[in-house]
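Engineer: Sequence first, predicted model second:
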Amino acid sequence: MEYNGEKRSGNFHGKGKLIDENENTYEGEFQLGEFHGQGKFIVDGNLTCEGKWVRGELIEGSMRDKVENFLYEGEIKDFKRHGKGIFFNYEDKRKFEGYWEDNVLEDSEDDWEVETIE
């Protein structure tokens with residue numbers, strides 16, 4: 001594990017960059033050793049989770065997966081779509097907007113074609 005950034009009382013605290021033993025990278029704000037505030041976490045070079053973190057959990061922002069070819073923007077719980085959000089499935093060229101619970105769309109507001117991502 002490699003960390004470059006601010007510390008307080010031996011903990012990651014303030015702005016910093018952490019690279020773990022699997023080469024996953026978090027860059028952003030820390031509080032007492034946990035992701036807290038604005039930050040971006042890249043997992044396996046494919047999944048990018050970016051937004052507002054509270055005590056190590058991403059609660060709002062975006063998740064983009066290059067392999068599965070999707071983008072989700074909205075509320076998040078346990079790295080799943082949970083709450084109000086928009087899901088772009090670029091493979092099927094569809095957009096789903098509504099309320100989600102554990103990655104399942106509970107109430108849909110719209111569904112239409114979208115552009116492919118770069």
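Structural biologist: Right, received. Where do you want to start? Numbers count the residues shown, from 1 in each chain.
Engineer: Next, count neighbours for the closest residue to E23 other than its chain neighbours.
Structural biologist: Excluding its sequence neighbours, the residue lying closest to E23 (CB to CB, 6 or more residues apart in numbering) is G45, at 7.5 Å. (C-beta placed from N, C-alpha, C; glycine too.) Using other CB atoms under 10 Å, G45 has 11 other residues around it.
Engineer: does G45 sit in a helix, a strand or a coil?
Structural biologist: coil (DSSP: H, G, I helix; E, B strand; the rest coil).
Engineer: Leaving aside the residues adjacent along the chain, what's closest to the residue positioned nearest the centre of the chain?
Structural biologist: In the chain, the residue lying closest to the centroid (CA atoms, centre = their mean) is C49, at 2.2 Å. Once flanking residues are discounted, C49 sits nearest to F41: 4.5 Å by CB to CB, 6+ apart.
Engineer: Show me the beta-bridge partners of that neighbour.
Structural biologist: When bridges are called by DSSP bridges, F41 pairs up with Y26, C49.
Engineer: From E27, how far out is the residue nearest to the centre of the chain?
Structural biologist: Note on C49: its distance to E27, by CB to CB, to the nearest Å, is 12 Å.
Engineer: Touching both of these two, which residues are there?
Structural biologist: K40 (CB atoms under 8 Å, 6 or more residues apart in numbering).
Engineer: Relative to S9, how far out is K40?
Structural biologist: For K40 relative to S9 (CB to CB), the value is 25 Å.
Engineer: Could you check which of these two is surrounded by more residues?
Structural biologist: The neighbour comparison of K40 against S9 (other CB under 10 Å) goes to K40, with 18 against 7.
Engineer: I figured that one hits W53, correct?
Structural biologist: No - using CB atoms under 8 Å, K40 is not in contact with W53, being 9.7 Å away.
Engineer: Now do the buried residues in stretch 42-49.
Structural biologist: Going by neighbour count (16 or more other CB atoms under 10 Å), the buried part of stretch 42-49 is 42-43, 47-49.
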